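S.K.: here is the input, now give the coordinates:
(one chain, ligands or ions: 1)
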Amino acid sequence: MEELMNYKNLYNKIENLDIKGVGEKTIAALKNLGINTIMDLIYFFPRTYEDRSNIKKIGEIRSEEYVVVIGRIVSIENRKTKTRKTMTAARITDGTGMLDLVWFQMPYLKKSLQIGEEYVFIGNVKRGYNFQIVGPEYRKYSGKLSEEIKPVYSSNRNLSQNGLRKIIRDTIKKYIPYIEENIPCEILQEYKLMGRKEAILKIHLPKNLREIEEAKNRMAVEELLILELGILSKRFQLDADNTSKYKLNDDRHMVKKYLNSLGFELTRAQKKVITEIYKDLAGGKIVNRLIQGDVGSGKTIVAVLMLLYLVENSYQGVIMAPTEILAVQHYLSVADDLAELGVRVEILTGSIKGKKREKLLSEIREGVIDIVVGTHALIEDHVEFHKLGLIVVDEQHRFGVEQRKKLRDKGEISNLLVMSATPIPRSLALSIYGDLDVSIIDELPPGRTPIKTKWIESDNDLEKAYDFIEKQLVKGRQAYIVAPLIEESEKMAVTSATELYEEMVRRFPEFEIGLLHGRIKNPEKEETMSKFKKNKLQILVSTTVIEVGVNVPNATIMMITNANRFGLAGLHQLRGRVGRGEHKSYCFLIAKTDNDISKSRLKVMESTTDGFLIAEEDLKLRKPGEIFGTRQSGMSDLKFVDIVHDVKTIKLVRDISIEYLKKYRGEIRENTLRMDIVEKFKVDEIK
Ligand SMILES: Nc1ncnc2c1ncn2[C@@H]1O[C@H](COP(=O)(O)OP(=O)(O)OP(=O)(O)O)[C@@H](O)[C@H]1O
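M.R.: Residues are numbered from 1 along each chain as shown. Prediction:
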């Protein structure tokens, strides 16, 4: 068996782990931690280290963080919670302050932890009424910490810290000989990086903190290299194959007609982006492009023009939206205008059923319908096209790479435009959307006045805001009122939106008011949107379904209740629903909060409407890995790279990857590296 072992075996299931004392129960516990292969276990790195220089004084704890503290037990008792669980609550001190500790369903702790004795406690500090740690690990403090730096892993109830330490130590010792270098030698040398085996050893079993840093740096480059090469090699392949695939007639009569009907000039930025896309289309190239532009910058129009260009060349087009309401919105905004040009646009969503659906499907198949607007229902296998030429995906972050691919596979030519209003810095965009070209609309249509934003804390100010809204309505404007964001349950969200609606009906008896939430289905939803668009409703009370893409230029008021619950990007998107026409617009953020981060967000919103500035602030306020769009890109799996602060490294590795691929004509020469990329992207093979 031993002789047959090779690098590939490290990707074997964790059940094959051959370590003394590791049985089924432990394997189950490891799987619970997300460890599915032996490699996962080797790459299960410590979240921190227990080290003498790393002990936190209780009095110095300022924020929620992972800490190691040494404290004497002051009190300990068992209580019953409302749900009849046993809760053990202890209070400790180290002379600099007090810290509360809580465990659930572990009543025996009251006996095993002695008042007056000193213990080492490790865990995540949370800010409740006081600072506290829920379920900390503990061990008796012998009066002296060993010189040794001990790794601290995220263990769980079924696997103790010490148990996990031992398994990982044994695994490393046994399997390290089979680890092969995966960073090409030339890159290791040029950037003076540590070897892979050495780095793994130093991260799990370090001698000092400095060597951990060096090892982490190497790992950061490794994980970025795998990610970037994975993304870019696909891209390389695509470009290499991307010779002339089709020929379009360049007459553009429909495009011109539509442009003339708009009643405004395209902005310089819109024209620039259109030229970029035309260039690919005219050369018969497959378009694979992200159009990024702030809310209201006019992305949709660019997409519609491109769709028309393909339609007049007898192709079909698709606009795919992340939610039904957005699909409805897109449909309403283009169907009538395009019908005048003789273009047939239809909507296909999950809630269209029965005969109607059958008819639509057959018309799509026969090519009678030119443009289909829809949700993910469009990816379903039985939706077939006659001659699909262009897919427009709205808000890429809600669609996975796989979903995009499935759609593209339906096309005769798989041109793809992704529209995103998430303003991320360009360097980051290039990495996150590594497989797409990027076009940026960096200008708003002329005549827009910045939206005035006010954060409202008191009931008194809220009353004034309602008075103000009334005046705007009397002037003929319209208002959005966004119900509290409730993620816990849809039912609660519906209740709260309904209550808010009823309150508005009482407050504004002389105006027509509509309600939208997740439980309202088409065609009622469509009707409400359409009425609001036509100003038959003056107020629209809604859950966040209106977040992206809705376009009613006459609406000038956006009121967001419990605004502290939203992130900056969400607030910016919502606010972007107003200020889309000639009238001055206003945004009220209703929030009572003591949370410092929420307060900073609200202040940022009051101070600027610039999406890029907001994105930068957002990056500062958020934890890394939470950024929009990162989930599908693999960015969120990064363990060593902080995509907010390590932009330089990201850029460097991207450049290294491009160089490498150019040099070897898109081929990854190292077997180990190739295998790691294949494993990461779960694809069959790469070139
Ligand atoms: N060049 C322009 N001049 C004047 N108005 C424009 C121009 N381009 C677009 N508009 C108008 O601006 C509004 C916003 O445009 P559009 O819906 O295309 O923006 P968007 O970037 O898709 O917005 P969002 O990301 O917020 O959904 C629409 O009412 C549109 O008609």
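
S.K.: how is the chain partitioned into domains?
M.R.: 54-146, 253-283+297-420, 452-608 (automatic domain parsing).

S.K.: can you list those in a markdown table and add mean neighbour count and distance to N12?
M.R.: (Each C-beta comes from the backbone N, C-alpha and C, glycine too.) Listed next are these as a markdown table, based on neighbours: other Cβ atoms under 10 Å; distance: least, Cβ to Cβ, whole Å:
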| stretch | mean neighbour count | distance to N12 |
| --- | --- | --- |
| domain 54-146 | 15 | 30 |
| domain 253-283+297-420 | 19 | 25 |
| domain 452-608 | 18 | 38 |
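
S.K.: and the helices in the stretch 401-550 of the chain, which stretches?
M.R.: Secondary structure of the stretch 401-550 of the chain (DSSP state H, counting those that start in this stretch): helices located at 401-408, 426-432, 459-474, 490-507, 524-533.

S.K.: tell me the contacts of whatever residue of the stretch 301-450 of the chain ends up closest to the ligand?
M.R.: The minimum distance from the stretch 301-450 of the chain to the ligand, using Cβ to the nearest ligand atom, falls at P445 (3.3 Å). The neighbourhood of P445, defined by Cβ atoms under 8 Å, 6 or more residues apart in numbering, consists of 264, 267, 296-298.

S.K.: who's in contact with stretch 483-495?
M.R.: When contacts are defined by Cβ under 8 Å, 6+ apart, stretch 483-495 is touched by residues 496-497, 500, 517-519, 541-544, 561-562, 565-566, 570.

S.K.: show me what the lengthiest strand in the chain is packed against.
M.R.: Assignment by DSSP state E gives strand 66-80 as the longest strand of the chain. Judged by 3 or more Cβ pairs under 8 Å, 6 or more residues apart in numbering; DSSP states H and E, strand 66-80 is in contact with strand 48-50, strand 86-93, strand 98-104, helix 109-112, strand 118-127.

S.K.: ok and the last one relative to strand 66-80, angle-wise?
M.R.: Just to be clear, that refers to strand 118-127. Between strand 118-127 and strand 66-80, the angle comes out at 90 degrees (axes from the mean of the first three to the mean of the last three Cα atoms, to 10 degrees).

S.K.: neighbouring contacts of strand 118-127?
M.R.: Residues contacting strand 118-127 (Cβ under 8 Å, 6+ apart): 50, 61, 63-73, 92, 99, 101, 113, 131-141, 143, 145, 152, 161.

S.K.: do the same with stretch 372-387
M.R.: Under the criterion Cβ under 8 Å, 6+ apart, residues 314-324, 327, 330-331, 334, 345-350, 352, 361, 364-367, 399, 403, 406-407, 410-412 lie in contact with stretch 372-387.

S.K.: and the helices of the stretch 401-550 of the chain: which comes nearest the ligand?
M.R.: helix 524-533 (11.0 Å).

S.K.: do the closest one and the ligand meet?
M.R.: No: using Cβ under 6 Å from any ligand atom, helix 524-533 stays clear of the ligand, coming no nearer than 11.0 Å.

S.K.: gap between that helix and the chain center?
M.R.: 29 Å (Cα atoms, centre = their mean, to the nearest Å).

S.K.: returning to what we had before: can you list the strands that the longest strand of the chain pairs with?
M.R.: strand 86-93 (antiparallel), strand 118-127 (antiparallel) (DSSP bridges).

S.K.: mean pLDDT for the ones you listed - can I get that in TSV?
M.R.: Shown next, in TSV, are the strands paired with strand 66-80 (pLDDT from 0 to 100):
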stretch	mean pLDDT
strand 86-93	94
strand 118-127	86
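
S.K.: and of these, who's closest to the ligand?
M.R.: Using Cβ to the nearest ligand atom, the nearest of the strands paired with strand 66-80 to the ligand is strand 118-127, at 35.6 Å.

S.K.: write out the residues of the stretch 251-400 of the chain neighbouring the ligand.
M.R.: Residues of the stretch 251-400 of the chain lying near the ligand (Cβ under 6 Å from any ligand atom): 264-267, 270, 293, 295-301.
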